[in-house]
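Next comes the sequence, and after it the predicted model I'd like to discuss.
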Amino acid sequence: MLNIFDDLYQFSAYDPRYDLTCHQYLLLADEPLLVHTGNALHAEGLIPQLKRVLGGRAVRYVFFSHFESDECGGLPLILKHFPGARPVCSEVSSRELAGFGITDEFLVKRPWERLVAGGFELEFFAFPSEVHLRDGLIGYEARRGILFCGDLIFRSGRAHGAVIEADWQDVADRIEQAPDKEKWKELKKNLLRLRPRFVATGHGPCLKITG
């Protein structure tokens with residue numbers, strides 16, 4: 001697990017079948033936040049690294065942007081090792097996971113809602129990523145200026161620890177992961193309202209925002 005920005009740690013797993021690197025993140029706040037779990041196999045490698053960085057503390061929240069195996073497939077294993085952790089997700093994700101027998105108490109969030117916890121503050125935005133183009137969530141950590149963008153910004157290849165510099169306006173103009181044009185207009189408007197310092201991607205290099 002790599003300290004990639006401030007008190008943000010990154011764990012990555014590369015899948016050669018898809019030439020894709022999947023990232024998970026630990027925000028080592030007063031109440032530690034895990035962003036994405038990886039799939040079940042990734043989570044097996046993630047857990048010992050989490051415990052090493054946490055140093056006896058526990059994960060308090062687990063945020064995942066949408067219902068897909070690389071975002072939340074490892075959730076049952078994470079909850080087994082950190083039973084006090086509370087999953088944070090969209091309403092669609094909570095229903096889908098319940099259908100797979102995962103019935104923990106989810107903290108369901110909607111666009112424009114916030115999660116204010118010990119040492120961090122997440123603001124949520126709609127992203128059309130769920131089944132049938134229902135809205136998933138991306139999260140902006142306002143105190144540090146970190147955007148957890150899920151699959152919104154996406155690149156193939158090996159990318160563990162990779163960070164590239166980028167201009168925020170240029171990044172927003174190039175995003176193509178929102179197939180619904182009207183929803184994309186609203187999302188872009190919301191993104192440009194933000195002033196992130198760092199973009200923690202789900203796949204590919206992270207972005208250090210320079211302008």
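Thanks, I have the structure now.

surely F11 meets T21?
No. F11 lies out of contact with T21 (C-beta atoms under 8 Å); the separation is 10.7 Å. Glycine gets a C-beta too; all of them are placed from N, C-alpha and C.

gap between stretch 90-108 and the chain center?
Its chain's C-alpha centre and that of stretch 90-108 lie 17 Å apart, by C-alpha atoms, centre = their mean, to the nearest Å.

May I have it as PDB, with CA atoms only?
Extracted C-alpha coordinates of stretch 90-108, given in PDB (Å, rounded to 0.1, in the frame of the first residue of the first chain):
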ATOM      1  CA  SER A  90     -26.200   4.700  -3.700                       C
ATOM      2  CA  GLU A  91     -29.700   3.300  -3.100                       C
ATOM      3  CA  VAL A  92     -29.400   1.200  -6.200                       C
ATOM      4  CA  SER A  93     -26.200  -0.500  -4.900                       C
ATOM      5  CA  SER A  94     -27.700  -1.200  -1.500                       C
ATOM      6  CA  ARG A  95     -30.700  -3.000  -3.200                       C
ATOM      7  CA  GLU A  96     -28.400  -5.000  -5.500                       C
ATOM      8  CA  LEU A  97     -26.200  -6.100  -2.700                       C
ATOM      9  CA  ALA A  98     -29.200  -7.100  -0.500                       C
ATOM     10  CA  GLY A  99     -30.200  -9.300  -3.400                       C
ATOM     11  CA  PHE A 100     -26.900 -11.100  -3.000                       C
ATOM     12  CA  GLY A 101     -27.500 -11.700   0.600                       C
ATOM     13  CA  ILE A 102     -25.400  -8.800   1.900                       C
ATOM     14  CA  THR A 103     -27.700  -7.200   4.400                       C
ATOM     15  CA  ASP A 104     -25.400  -5.100   6.500                       C
ATOM     16  CA  GLU A 105     -26.800  -1.600   7.500                       C
ATOM     17  CA  PHE A 106     -25.900   0.500   4.500                       C
ATOM     18  CA  LEU A 107     -25.500   4.300   4.700                       C
ATOM     19  CA  VAL A 108     -27.400   5.200   1.500                       C
END
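
what comes into contact with that stretch?
Here stretch 90-108 makes contact (C-beta atoms under 8 Å, 6 or more residues apart in numbering) with 61, 64, 66-67, 72, 75-76, 79, 86-89, 109-110, 115, 130-131, 134-137.

roughly how far apart are the residue nearest to E71 when sequence neighbours are not counted and A13?
By the measure of C-beta to C-beta, 6 or more residues apart in numbering, the closest residue to E71 outside its immediate chain neighbours is F64, 4.4 Å from it. Using C-beta to C-beta, to the nearest Å, F64 is found at 15 Å from A13.

With neighbour numbers in mind, choose between the two.
F64 (29 against 19; other C-beta atoms under 10 Å).

Report the contact partners of the more buried one.
With C-beta under 8 Å, 6+ apart, F64 has these contacts: V35, H36, T37, E71, C72, L75, P87, V88, C89, S93.

at 7 Å what do you get?
Contacts for F64 (C-beta atoms under 7 Å, 6 or more residues apart in numbering) come out as H36, T37, E71, C72, C89, S93.
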